[in-house]
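Participant: Return a 3D structure for these sequence lines:
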Amino acid sequence: MSDAATADTRRSRPTGLIIAVLGLCGTLVSLQQTLVLPLLPDFPAILDTTADNATWLVTITLLAAAVGTPVISRLADMFGKRLMLIVCMWSVILGSVIAVLSTNLTVVIIGRGFAGIGACLVPVGISIMRDHLPADRVGSGVALMSATLGIGGAVGMPLAGLIYENLDWHAIFIVSGGFAVIMLIAVHLVVPESTVKTRGQFDYVGAVMLSVALTCFLLAVSKAGSWGWGAPRTLTLLVIAALVLAAWIPWELQAGQPLVDIRTSTRRTVLLTNAASILVGFAMFANFLTTIQQIQMPVETGYGFGLSVMEAGLATLPTGILMVVMSPVAGRLIRRYGAREMLIVGALLMAVGFVARVLFHASLLEVVLTSGLAALGTTLAFAAMPTLIMASVPITETASANGLNTLLRSIGTSSASAMVAAVFTIYAVPVAGGQTVPGFTAYQVIFWSGAFASLLGAAIAAFIQRLPLREEEIGELPPRERIRVKATELPEVLVRGRVTGPRGQPMRQAVATVLEPDGEPIDWSRTDNDGRFALALPKEGRYLLVVSAEGWAPHSQLVELSADKPADIVLDRRLLLSGNVTDDGKPIGGVMIALIKHSGEYAGTTTADENGHYEMGLPPAGRYVLTAVDHATGRTRSRTLTVLASATTLDIDLVTAIPRPRERGDASVRG
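Facilitator: As a prediction, the model looks like this:
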């Protein structure tokens, strides 16, 4: 498709309609987590099973969403975000049909698993918004898409209760599947496909390993309440998860096209944002669970209000509406003050909301208002996190990066669910009629835990590097977001290229960065095992391309970049550690040179030529010990050095100490 045609296509898709369709899709899939909650007490009789087995109808959706999110997100970057959005909607439809047509527990659980995969579309939808919305609408759109995780929880309970009280239990899945069909048609008609596709190979091994680790961890956490935290199967699952994860990280580091780019994920902004996401996800779900349960507790408890499932859902419905209304406001606040600041403010508001819940709980209005304050903070925090992530990763990896962030939020929510169940069990007290319910002490413990998690999330966010704000005429955005303004005004062009060495060997894990000629950053990418990279540009034209690889001199040039012309780069100058070996000032040949890390690991070996000169590839930055060994006489001598990132010469004499090492270029070694 030509650039003009693509631009026309974008203009023909109303921005508000795209936001509405994606937001409704997000709400639909987030509903899957709460739709069956009102039925859990009745499912043992309906499906002829035990109460513990019935909880699998909730657990399986959690597992399917967690395992599927990184996989679907990576496939979205590779083959198209709209395509994966459609796959997720079909999964919800298939899951609903399976559940409708069966009364067998196992079959219904399978259907719920397919429905859970639908939740994977939330990070994909966020990335679609970044690709296709005008810059002034991206913030509000992302905020709404993030808020759907909470909106679905607020709407799901009253909706399910209303349907179940008036119709057959199958009707819940009929309504869910019918809504999914409508949204599937809307996606086909409204949502455009992204032109940014990385293609390449899918990391099957990494996907399987991560799936095993997540399944074991989340299964242990979600079922520990009934199995017991010290039960052999709980501990076994946690150990397996830890071992597989320990093997998965090195695999991803060496993979040419990893499922999750560990190097990108450990960048300061991404790492700290993801860490805060776990804590904010924990606090969000703790707030939701305690609110819906507190207002349903019997009046005899002294803190409950005895509401029915439907009444409780209606009481929490304003919170969902508040999150919808606040989404565009959150987007504007992020543009005005910055995403980091809104993440901090959102987390602090959540903490204030939890403290208020400890102090004010005498009336239903107080509970709704204080939990609503925490939900308001959730909206701000959830809106800020994808913005921070997308500002710090290559444009071609936005879906997979958002997928990891969503996954970590899910881990936080799962941990909150397990913690709430455990605390409720520990602090259970009897009430009139022989019923056992959680005492208010349990709620206080959870409220203080939520406040602590929120404050810790705010503290972590404070260490995120504050990006400078952009010019006022466009609005206040971080530099990378300023480039996204330009990128959304014109169709994106995907430029591919390959980085090789002087003999044609591929340079894996090299970094290609493209900038405007005036120095404004556009995008960056890491090469795969074949040395290939992909960069997303606002248009074809002249750019500054900078390529760097460990151990090689960097390459830079002003070059014309276009979609149909590969940007192939050859790195032809190896950075060397070199020097001369002497014997009392006289050159000596045939001496072995050994280089080891200061911590003892082997780094390299070479032999000096007949003139005493040696060369070896520059090792990674760090502290080393260089040792010369003259086997003819048995003499040795060692020097310590610190390697930075420039070619360096270090001379060594077998008899006497020599002056400070000579340096070429920037100082990179000291003796």
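Participant: C-alpha from now on. contacts and neighbour counts both.
Facilitator: Will do.
Participant: can you list the weak-confidence ranges in the chain?
Facilitator: 1-13, 135-136, 149-150, 153-154, 157, 195-200, 396, 432-434, 466-492, 656-671 (pLDDT under 70).
Participant: Can you give me the domain boundaries for it?
Facilitator: Here the domain parsing of the chain from automatic domain parsing is 3-202+257-462, 203-256, 492-570, 576-653.
Participant: most packed of the ones you listed?
Facilitator: domain 3-202+257-462 (a mean of 22; mean count of other Cα atoms under 10 Å).
Participant: ok, now which ones touch Phe463?
Facilitator: Contacts for Phe463 (Cα atoms under 8 Å, 6 or more residues apart in numbering) come out as Leu272.
Participant: host element of Val429?
Facilitator: For Val429, the enclosing helix or strand under DSSP states H and E is strand 428-430.
Participant: packing partners for that strand?
Facilitator: Counting contacts by 3 or more Cα pairs under 8 Å, 6 or more residues apart in numbering; DSSP states H and E, strand 428-430 packs against strand 436-438.
Participant: go with 10 Å
Facilitator: Contacts defined by 3 or more Cα pairs under 10 Å, 6 or more residues apart in numbering; DSSP states H and E place strand 428-430 against strand 436-438, helix 440-462.
Participant: can you list contacts of that strand?
Facilitator: Thr301, Gln435, Thr436, Val437, Pro438, Gly439, Phe440, Thr441, Ala442 (Cα atoms under 10 Å, 6 or more residues apart in numbering).
Participant: could I get these as TSV with distance to Val547?
Facilitator: Formatted as TSV, these follow (distance: Cα to Cα, whole Å):
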residue	distance to Val547
Thr301	66
Gln435	68
Thr436	65
Val437	63
Pro438	60
Gly439	61
Phe440	60
Thr441	59
Ala442	56
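Participant: follow-up on the earlier one: strand partners of the strand holding Val429, parallel vs antiparallel please.
Facilitator: Strand pairing for strand 428-430, using DSSP bridges, gives strand 436-438 (antiparallel).
Participant: Relative to the whole chain's centre, how far out is the strand it pairs with?
Facilitator: 37 Å (Cα atoms, centre = their mean, to the nearest Å).
Participant: go on, stretch 640-654?
Facilitator: Worked out by Cα atoms, centre = their mean, stretch 640-654 lies 40 Å from the chain centre.
Participant: distance between the ends of it?
Facilitator: Stretch 640-654 stretches 14 Å from its first residue to its last (Cα to Cα, to the nearest Å).
Participant: One more: stretch 508-516?
Facilitator: 25 Å.
Participant: From Val625, how far out is the residue nearest to Val511 when sequence neighbours are not counted?
Facilitator: Nearest non-adjacent residue to Val511, counting by Cα to Cα, 6 or more residues apart in numbering: Arg526, 4.6 Å away. Counting by Cα to Cα, the gap from Arg526 to Val625 is 31 Å.
Participant: just Ile395 next, same as before
Facilitator: Where Val625 is concerned, Ile395 sits at a distance of 41 Å (Cα to Cα).
Participant: Next: Ala391.
Facilitator: The value you get for Ala391 to Val625, if Cα to Cα is used, is 40 Å.
Participant: what does Val570 give?
Facilitator: According to Cα to Cα, Val570 and Val625 sit 32 Å apart.
Participant: do the same with Leu388
Facilitator: 41 Å.
Participant: element containing Leu577, please.
Facilitator: Counting by DSSP H and E, the element that carries Leu577 is strand 576-583.
Participant: Partner strands of that strand and their direction?
Facilitator: Sheet partners assigned to strand 576-583 using DSSP bridges are listed as strand 586-587 (antiparallel), strand 613-617 (antiparallel), strand 648-649 (parallel), strand 652-653 (parallel).
Participant: got those strands as CSV, with distance to Ile18 columns?
Facilitator: Shown next, in CSV, are the strands paired with strand 576-583 (distance: least, Cα to Cα, whole Å):
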stretch, distance to Ile18
strand 586-587, 73
strand 613-617, 52
strand 648-649, 56
strand 652-653, 67
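Participant: Which one, of the ones you listed, ends up nearest to Leu314?
Facilitator: Nearest to Leu314 among the strands paired with strand 576-583 is strand 613-617 (68.0 Å), distances taken as Cα to Cα.
Participant: Show me what secondary structure element comes after that closest one.
Facilitator: Later in the chain than strand 613-617, the nearest helix or strand by DSSP H and E is strand 622-630.
Participant: which secondary structure elements does that following strand contact?
Facilitator: strand 576-583, strand 592-597, strand 602-607, strand 635-643, strand 652-653.
Participant: That one pairs with which strands, and in what direction?
Facilitator: strand 592-597 (antiparallel), strand 635-643 (antiparallel).
Participant: contacts for the shortest one?
Facilitator: By Cα under 10 Å, 6+ apart, the list of residues contacting strand 592-597 from outside reads 581, 601-609, 614-616, 619-620, 622-631, 636-642.
Participant: CA atoms only for it - export them in PDB, please.
Facilitator: What follows is strand 592-597, C-alpha atoms only, in PDB (Å, rounded to 0.1, in the frame of the first residue of the first chain):
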ATOM      1  CA  MET A 592      51.900 -16.100  25.800                       C
ATOM      2  CA  ILE A 593      49.400 -13.400  26.900                       C
ATOM      3  CA  ALA A 594      46.500 -14.400  29.000                       C
ATOM      4  CA  LEU A 595      43.500 -12.200  30.000                       C
ATOM      5  CA  ILE A 596      41.200 -13.100  32.800                       C
ATOM      6  CA  LYS A 597      38.400 -11.100  34.500                       C
END
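Participant: Touching, Ala536 and Thr398? I think so.
Facilitator: No: counting by Cα atoms under 10 Å, Ala536 stays clear of Thr398, with 11.3 Å between them.
Participant: any residues in contact with both of those two?
Facilitator: Common neighbours of Ala536 and Thr398 (Cα under 10 Å, 6+ apart) do not exist.
Participant: tell me what the host helix or strand of Gly281 is packed against?
Facilitator: Element membership of Gly281 [criterion: DSSP H and E] is helix 268-294. Here helix 268-294 touches helix 135-166, helix 262-265, helix 309-337, helix 339-359, helix 364-390, helix 398-426, helix 440-462, going by 3+ Cα pairs under 10 Å, 6+ apart.
Participant: Angles on the backbone of Lys565, please.
Facilitator: phi -130, psi 110 (degrees, to the nearest 10).
Participant: again, but for Ser548
Facilitator: phi -130, psi 150.
Participant: ok, the residue nearest to it when sequence neighbours are not counted - contacts?
Facilitator: Once flanking residues are discounted, Ser548 sits nearest to Pro554: 4.5 Å by Cα to Cα, 6+ apart. Contacts for Pro554 (Cα under 10 Å, 6+ apart) come out as Ala510, Val511, Val546, Val547, Ser548, Leu571, Asp572, Arg573, Arg574, Leu575.
Participant: ok, these vs Val100, which is closest?
Facilitator: Val511 (50.5 Å).
Participant: Please look at that closest one and Phe533 and confirm they touch.
Facilitator: Yes: using Cα under 10 Å as the test, Val511 is close enough to Phe533 to be in contact (8.5 Å).
Participant: follow-up on the earlier one: who wins for proximity to Val87 among the strands paired with strand 576-583?
Facilitator: By Cα to Cα (comparing all of the strands paired with strand 576-583), the closest turns out to be strand 613-617, at 47.8 Å.
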